[in-house]
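# pasting the structure only:
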């Protein structure tokens, strides 16, 4: 082992990079009539945050705008220069930019499915096959599980597709309605990557301010992990694994304690669950470091100690979003073994397609 | 100081006891036409959990049924024997049993307000004035803030009323619409006690199983603390304090880290917030121990250490509910000073009406 392997500089596996797309980029991959609905009829997706992101340049880092003025994350050479080469990524996993995810669109399944397919083709041609470091996410319209399975069959065996992306939204992904998606995931050796989309929304109401909405994102991750576990997804699909993206990890000890205690009290309601939820989490669920809460070394280590695991947390930058985490600042300066786990080995062990 | 003062036996302040009521108990305090709507027309409140509580005796401890077969928590002498005398309560705070809270009822404000008033009168006459250890909560219909203020004016200065009860439901309590309630609370030296009612519900949907719903209750407490802080309630009402009831406390370090970090990034969206959210929480917010996650001593202490405070947690039994916490089992056997804080002194410092 040389020094480079121990330094974050050369050993980063970044599990959350947002590439950007404009509808016009998808035209060549979209059949009519869907292309014409966008190009000629100016259709756009209907769901968006009611807030702006109250940061210097909106949702993205101000310095990530591309040299020709394009939106951040839309230019591979610039991303290579600013992110992959500068930080020294070994691998980066693309998590997409359709806003919202096709799985979060309302109604009109055919359009959502067509958009997801076009997006996957665009991603493969323009990103995954142009940089050996980049791996990707299969986008689907999960509202239509049979259509979603067809899309997974179509692109899921691509060697650089590592997961299926599910947005956290108004769906409870543990519901048996969605289980065909997990069957297809297992078949193609794909993980599930979950990333919040619109929630937290309660009773159809939004919090008054973006800072509230954004502060509460981890609660939606807690909801989904709970839902997947108690609905028996990991008992039914023992090879399925779940990466919780962009929700952070400091809530994990609480969630493990809470679910284990509730399992002790109430497990006869869910007799298909045969193990403590924390054991299911240790085997099947991973959490991103980002957005980092900038813990000091002592607090960070105490969270790991409470979790009883150093394997459950994977580094992510969330490039090019405004709350991007630099590997040089987001994680305390731990000893080389722990750094290696957090920066690369935990993710490598989790995604079987990463060598 | 004698031994009794150091032992939990004689120094328990229990901040969550559910007394029980039947509509017929309220008839003598209800004016017509409201009494007749219930007595003659068999009206009942419309909102209830869709689940049963999958425990031996539903929502209550099986052994808390009263000697004459009445519902648990409905008989003062039996509660005195089974709870107050047996455990050795110094004080207990009643948090009510109207299901749902009048503030959670839909429409028909007059009925909700009449029920809240009748409940307060019944509580004062049958509980607060019959046992010197028992203190109470002012029930209101907060959907109608001016009616709520009238009720607070009517009973809030009763020497044994310590807080105003607000249910966690589809309302965002930090909204300025509800601020007249906080003004009245400050005037009468009342705290706010928040206790979940129906959530977690997302987009009007319930989780499939009770165990999911119940495991996620802390997320609703996180939502409300966040909402109260970022909407500036504690800046506007500097004497107001908030007790979060029946949500536990192990999520608090995460919430403090998260809100502080978000405040660092996004505070120009909420310029009325002048301090770190964790400092606001330390001054204004307390959390119940119950439902205890049965942490071992080391993990419990590490949570306190992460919070940077031993003052924010107050003991509660949640008697007579099925997940009742005994002081002999819910809290590890800490040294006398810490035990005293958790079992009584933190609550005493928080509720000015408790001597």
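Arrived safely. Because the structure is a prediction, the values reported are computed rather than measured.
# burial measure for residue A:309, as a count.
Neighbourhood size, residue A:309 [other C-beta atoms under 10 Å in any protein chain shown]: 16. Using the backbone N, CA and C atoms, a C-beta is placed for each residue, glycine as well.
# ditto for residue A:79
Around residue A:79 there are 26 residues (other C-beta under 10 Å).
# quick one: contacts for it?
Applying C-beta atoms under 8 Å, 6 or more residues apart in numbering or on different chains, we find residue A:79 in contact with A:17, A:19, A:73, A:319-320.
# helix/strand/coil for it?
helix (DSSP: H, G, I helix; E, B strand; the rest coil).
# And it, how far from residue A:18?
10 Å (C-beta to C-beta, to the nearest Å).
# Which residue is the nearest non-sequential neighbour of residue A:164?
residue A:138 (4.7 Å; C-beta to C-beta, 6 or more residues apart in numbering or on different chains).
# ok so, going back, mind listing the shared neighbours of residue A:79 and residue A:18?
A:73, A:319-320.
# Who wins on neighbours among those residues?
Most surrounded of those: other C-beta under 10 Å gives residue A:320, at 28 neighbours.
# was I right about residue A:124 contacting residue A:160?
Yes. Residue A:124 lies in contact with residue A:160 (C-beta atoms under 8 Å); the separation is 7.4 Å.
# what do the two both touch?
The contact lists of residue A:124 and residue A:160 share residue A:136, where a contact means C-beta under 8 Å, 6+ apart.
# Can you pull the phi/psi pair for the spatially most central residue of chain A?
Nearest to the centroid of the C-alpha atoms of chain A, with distances taken as C-alpha atoms, centre = their mean, sits residue A:245, at 3.7 Å. The phi/psi pair for residue A:245 (degrees, to the nearest 10) reads phi -110, psi 130.
# So it sits against residue A:193, correct?
Yes. Applying C-beta under 8 Å, one finds residue A:245 in contact with residue A:193, separated by 5.5 Å.
# anything in contact with each of these two?
With C-beta under 8 Å, 6+ apart, residue A:245 and residue A:193 have common neighbours A:15, A:95.
# Identify, from the contacts of residue A:79, the entry nearest to residue A:105.
residue A:19 (19.4 Å; C-beta to C-beta).
# my guess is that closest one meets residue A:96, correct?
Yes. The pair residue A:19 / residue A:96 is scored as a contact, 7.0 Å apart, by C-beta under 8 Å.
# Please enumerate the shared neighbours of these two.
Counting by C-beta under 8 Å, 6+ apart, the residues touching both residue A:19 and residue A:96 are residue A:123.
# Just the strands from chain A, written as ranges.
A:12-17, A:89-94, A:134-139, A:161-168, A:191-196, A:242-245, A:285-288, A:313-314 (DSSP state E).
# Is chain B within reach of the shortest one?
No. Using C-beta under 8 Å from any C-beta of the partner chain, strand A:313-314 never reaches chain B; the gap is at least 13.8 Å.
# Ok, the fifth one next?
No. Looking at strand A:191-196 against chain B by C-beta under 8 Å from any C-beta, there are no contacts, and the closest approach is 12.0 Å.
# Minimum distance to chain B, which residue of the stretch 1-150 of chain A gives it?
Here the stretch 1-150 of chain A gets closest to chain B at one residue, residue A:54, 4.3 Å apart by C-beta to the nearest C-beta.
# Can you get me a residue count around residue A:247?
That count, for residue A:247 with other C-beta under 10 Å as the rule, works out to 24.
# nearest spatial neighbour of it, skipping sequence neighbours?
Closest to residue A:247 by C-beta to C-beta, 6+ apart is residue A:221, at 3.5 Å.
# Does the one you found touch residue A:167 like I think?
No. Judged on C-beta under 8 Å, residue A:221 makes no contact with residue A:167 at a distance of 12.0 Å.
# In terms of neighbours, single out the busier of the two.
residue A:221 (27 against 24).
# OK, contacts around that one?
Contacts of residue A:221 (C-beta under 8 Å, 6+ apart): A:168, A:194, A:196, A:244, A:247, A:251, A:287.
# in the stretch 51-200 of chain A, which ranges drop under the pLDDT threshold?
For the stretch 51-200 of chain A, applying pLDDT under 70 flags no range at all.
# can you do 90?
A:51-59, A:97-100, A:104-107, A:169-170, A:197-200 (pLDDT under 90).
# For the stretch 251-355 of chain A, which segments count as helices?
A:252-266, A:277-284, A:297-307, A:336-340, A:346-350 (DSSP state H, counting those that start in this stretch).
# Fine by me, we can end here.
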